[in-house]
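In: what would the 3D arrangement of this be:
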Amino acid sequence: MTRRRHIHSLRSETGQTAVEFALVAPVLILLLLGVVQMGIAFNNYLAVTDAARAGARKAIVARLSGLTSADVTQSVRDAASDLDQSKLGVTVADASDPTWSRAGSDITVTVTYPYSISLLGLVVSSGNLTSTMTDRLE
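Out: Prediction:
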């Protein structure tokens, strides 16, 4: 009889759930951290896109209101105020009409911002978020 009790105690499943959770928890935490960082990168992308759109809207009335490229750039920076301004790249260009004096010429506003997704110090993905908007001068 003592032998059967010994075998029965070896087959006890007490604590099995805790061990399984300890094995699976690191993978779940990594997955959760990845989802959070992807969400942050997507939020930054939306901010970059909105800033490019705001700059292009501001630029299309530049001919009538006397705005300069610096004013448009400031408009982009204001629209992306939650991003790190030292990393935000803004380019405002009109190749065909650099003085912005001719109605109908295209103005292109390009905004770039770096991103990096890392899990436990290992960079999974990195690069630049870029958004370009083109509008015509009024």
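In: for this protein, which helix is longest?
Out: For the chain, the helix that runs over the most residues, judged by DSSP state H, is helix 16-59.
In: which residues of the chain score low on pLDDT?
Out: Scanning the chain for pLDDT under 70 picks out 1-12, 95.
In: let's see it at 90
Out: Residue ranges of the chain with pLDDT under 90: 1-18, 59-69, 93-107, 118-122, 124, 136-138.
In: CA atoms only: put stretch 119-129 into PDB for me.
Out: Output in PDB follows, covering the C-alpha atoms of stretch 119-129 (Å, rounded to 0.1, in the frame of the first residue of the first chain):
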ATOM      1  CA  LEU A 119      11.800  44.100 -27.600                       C
ATOM      2  CA  LEU A 120      14.100  43.600 -24.600                       C
ATOM      3  CA  GLY A 121      16.800  45.700 -26.300                       C
ATOM      4  CA  LEU A 122      16.600  43.900 -29.600                       C
ATOM      5  CA  VAL A 123      15.500  46.200 -32.400                       C
ATOM      6  CA  VAL A 124      12.800  44.400 -34.400                       C
ATOM      7  CA  SER A 125      12.100  47.200 -36.800                       C
ATOM      8  CA  SER A 126      13.200  50.800 -37.400                       C
ATOM      9  CA  GLY A 127      13.200  53.500 -40.000                       C
ATOM     10  CA  ASN A 128      11.400  56.700 -40.900                       C
ATOM     11  CA  LEU A 129       7.700  57.500 -40.900                       C
END
